[in-house]
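In: I'd like to go over a predicted model; first the sequence, then the structure.
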Amino acid sequence: MRKLMRKLMTILFLVFLCAVGFAAETSKKIPAHSRIYIAPMDGFENDLKAAMETKKVPLEIVAARDQADFEISGTAESQKASTAKKVILWNWHSNEQASIRVSDLKSGEIVFAYSVNKQSSAHGRRSTAEACAKHLKEQVQDQTQPAKNNK
């Protein structure tokens with residue numbers, strides 16, 4: 001019953017983030033070199049930190065929430081390949097899902113949301129973390145270039 005409730009909550013959260021994500025795409029950009037806190041997400045925060053470094057997301061990750069301008073929170077779920085999938089399809093890759101949202105800690109506004117679903121992910125949670133980091137980087141406003149008008 002507990003697993004079912006967790007899956008249901010994850011699905012509802014993903015649906016919520018998808019809806020927020022459409023609205024967040026037109027919202028303000030995150031200024032480059034802003035301080036950002038990554039909330040605990042059952043270990044996914046470590047994958048996300050590594051992916052942000054790999055993708056060179058121009059944000060400063062801080063250890064304490066009270067030092068940050070923005071906060072990343074979210075959820076991630078891995079589903080190992082079933083025995084049937086391994087035997088019938090010869091596929092050992094896991095299915096991965098992750099959703100993140102970035103909140104402005106001063107205003108409480110959600111400035112970015114992203115959800116990813118990777119079927120048969122060869123690199124597990126690393127793949128979803130890198131997808132989140134890639135799209136987050138696109139939301140960061142480069143201070144050396146003028147802002148683009150999203151009309």
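Out: Perfect, I can see it now.
In: neighbours of P31, just the number please.
Out: Using other C-beta atoms under 10 Å, P31 has 14 other residues around it. The C-beta positions use only the backbone N, C-alpha and C, and glycine is treated the same way.
In: so how far is S115 from it?
Out: P31 sits 24 Å away from S115, going by C-beta to C-beta, to the nearest Å.
In: likewise for A129?
Out: A129 is 13 Å from S115, by C-beta to C-beta.
In: repeat for L136
Out: On the measure of C-beta to C-beta, L136 and S115 end up 12 Å apart.
In: let's verify I100: helix, strand, or coil?
Out: Here I100 is recorded as strand under DSSP: H, G, I helix; E, B strand; the rest coil.
In: list the contacts for it?
Out: When contacts are counted by C-beta atoms under 8 Å, 6 or more residues apart in numbering, I100 touches 17, 48, 72-74, 112-114, 132, 136.
In: what would the residues you listed look like in JSON lines with neighbour count, distance to V102 and pLDDT?
Out: Below are the contacts of I100 laid out as JSON lines (neighbours: other C-beta atoms under 10 Å; distance: C-beta to C-beta, whole Å; pLDDT from 0 to 100):
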{"residue": "L17", "neighbour count": "20", "distance to V102": "11", "pLDDT": "51"}
{"residue": "L48", "neighbour count": "27", "distance to V102": "11", "pLDDT": "94"}
{"residue": "I72", "neighbour count": "23", "distance to V102": "5", "pLDDT": "96"}
{"residue": "S73", "neighbour count": "16", "distance to V102": "8", "pLDDT": "95"}
{"residue": "G74", "neighbour count": "22", "distance to V102": "9", "pLDDT": "93"}
{"residue": "F112", "neighbour count": "25", "distance to V102": "4", "pLDDT": "93"}
{"residue": "A113", "neighbour count": "24", "distance to V102": "7", "pLDDT": "93"}
{"residue": "Y114", "neighbour count": "24", "distance to V102": "9", "pLDDT": "91"}
{"residue": "C132", "neighbour count": "27", "distance to V102": "10", "pLDDT": "91"}
{"residue": "L136", "neighbour count": "22", "distance to V102": "7", "pLDDT": "94"}
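In: cheers, nothing more for now.
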